[in-house]
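Colleague: predicted structure and sequence below. I'll ask about it afterward.
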Amino acid sequence: MKCNLIPRKSHINNNHLIRWYLLSEGVIKINVDGSFFSHINNASCGGVIRHHLGKFIKAFSCNLGSCSIMHAKLWAIIKALQIVISENFRDIVIESNSLMAINFIKDGSPPHHPCAALLEDVHNMVNRIHLVHWNHTLREAKSVVDILTKKGHTLPFGLHTFELAPSGIIQALSFDSFGSLRLR
């Protein structure tokens, strides 16, 4: 599997400044996340796709129904990869705040694990993309995708894609594009 893991610094203090980072020209960045609300027994996922300077390309929210948080985080990656393949993007960075999900993709799982089928889907899709980089990001650097993921809980069951940025994420997109810092 074409996989590069960008390691997280091991000693991050509480006063660390976090921001969304720009990429090299031609690279597409995808931020994804999953969510589970135990009080309604519902999971959702979301993602935002931006070009190297942070300009919005596409986003999605998905109401998944009842599943585990790890399933939700992996479903977010699968939904993002489906969009990437349909748009024929060739060089992508996928960012998640779930180091466990990234390591799961990188290291695999036993065949009987509940997430094994999802991981197999991820691997099959990654093989259809020219270059995929995996990046662990901190929670503070993903405010846009947080909004989209939570939105999934309020939508009807299934995937909802957005060709235009929903009004709820416009301010967060602007902050990211300008390199606004957030305190951890």
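Modeller: Everything's here; your move. These numbers come from a predicted model, not from an experiment.
Colleague: what sits up against the longest helix seen in the chain?
Modeller: In the chain, with assignment by DSSP state H, the single longest helix is helix 69-87. Here helix 69-87 makes contact (C-beta atoms under 8 Å, 6 or more residues apart in numbering) with 28, 30, 32-36, 43-47, 49, 57-58, 60, 62, 64, 67, 92, 94, 96, 98, 100-101, 104-105, 114-115, 118-119, 121-122, 125-126, 128-129, 149, 159, 161. No exception for glycine: its C-beta is placed from N, CA and C like everyone else's.
Colleague: for His51, grab the count of nearby residues.
Modeller: 16 (other C-beta atoms under 10 Å).
Colleague: verify the stated contact: it with Lys58.
Modeller: No: using C-beta atoms under 8 Å, His51 is not in contact with Lys58; the gap is 10.6 Å.
Colleague: returning to that earlier point: report the buried residues of the longest helix of the chain.
Modeller: 70-81, 83-84 (16 or more other C-beta atoms under 10 Å).
Colleague: so Gly168 touches Thr149, yeah?
Modeller: No: if you go by C-beta under 8 Å, Gly168 and Thr149 don't touch, sitting 11.6 Å apart.
Colleague: more neighbours, the two?
Modeller: Under the criterion of other C-beta under 10 Å, the comparison of Gly168 against Thr149 puts Thr149 first, with 27 against 12.
Colleague: that one: what's it in contact with?
Modeller: Counting by C-beta under 8 Å, 6+ apart, Thr149 makes contact with 33-35, 44-46, 61, 76.
Colleague: and it, how far from Ala80?
Modeller: Distance of Thr149 to Ala80, given as C-beta to C-beta, to the nearest Å: 12 Å.
Colleague: residue ranges with poor pLDDT in the chain?
Modeller: For the chain, applying pLDDT under 70 flags the ranges 1-22, 24, 139-141, 176-184.
Colleague: quick one, helices of it?
Modeller: 69-87, 99-107, 116-126, 143-154, 170-177.
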